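Novice: give me coordinates for this.
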Amino acid sequence: MSKIQIYTTLTCPYCYAAKSLLEKKGVDYHEINVGKPEVRSKMIERAKGRRSVPQIFIGDNHVGGFDDMVALDRAGKLDALLAE
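Specialist: Below you'll find the predicted structure:
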């Protein structure tokens, strides 16, 4: 399984939805709360300027946010990415 990292905040409904989808897929993930400015700065840097949460990384691949992950799932590409 790929190493999955998801940058979140405590009040973000899309973060909860993204985590729920990953749990439904049966994969483990590492959650990173961006409540501290230095952590958010690192997320923005890794996400090539994207500031919204969640930001999801599967292995070395930046998936994007929740909508991006759902689009991959609907296209039948998410499971393969998770299995890499």
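Novice: could I get the full set of helices for this structure?
Specialist: 13-24, 37-46, 66-74, 78-83 (DSSP state H).
Novice: and these as CSV, adding distance to residue 30, mean neighbour count and mean pLDDT?
Specialist: (C-beta placed from N, C-alpha, C; glycine too.) Below are these laid out as CSV (distance: least, C-beta to C-beta, whole Å; neighbours: other C-beta atoms under 10 Å; pLDDT from 0 to 100):
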stretch, distance to residue 30, mean neighbour count, mean pLDDT
helix 13-24, 11, 16, 98
helix 37-46, 13, 13, 97
helix 66-74, 15, 16, 98
helix 78-83, 14, 14, 94
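Novice: nearest to residue 54, out of these?
Specialist: Nearest to residue 54, of all the helices of the chain, is helix 13-24, at 4.5 Å by C-beta to C-beta.
Novice: now for the closest one, which elements pack on it?
Specialist: strand 4-8, helix 66-74 (3 or more C-beta pairs under 8 Å, 6 or more residues apart in numbering; DSSP states H and E).
Novice: ok, now with 6 Å
Specialist: On a contact count with 3 or more C-beta pairs under 6 Å, 6 or more residues apart in numbering; DSSP states H and E, helix 13-24 meets helix 66-74.
Novice: what packs against the helix it packs on?
Specialist: If contacts are counted by 3+ C-beta pairs under 6 Å, 6+ apart, helix 66-74 sits against helix 13-24.
Novice: please redo it, this time with the cut-off set to 10 Å
Specialist: helix 13-24, strand 55-58, strand 61-64, helix 78-83 (3 or more C-beta pairs under 10 Å, 6 or more residues apart in numbering; DSSP states H and E).
Novice: just so I know, which of these lies nearest residue 39?
Specialist: Between residue 39 and the helices and strands packed on helix 66-74, the tightest spacing by C-beta to C-beta is seen for strand 55-58, at 11.4 Å.
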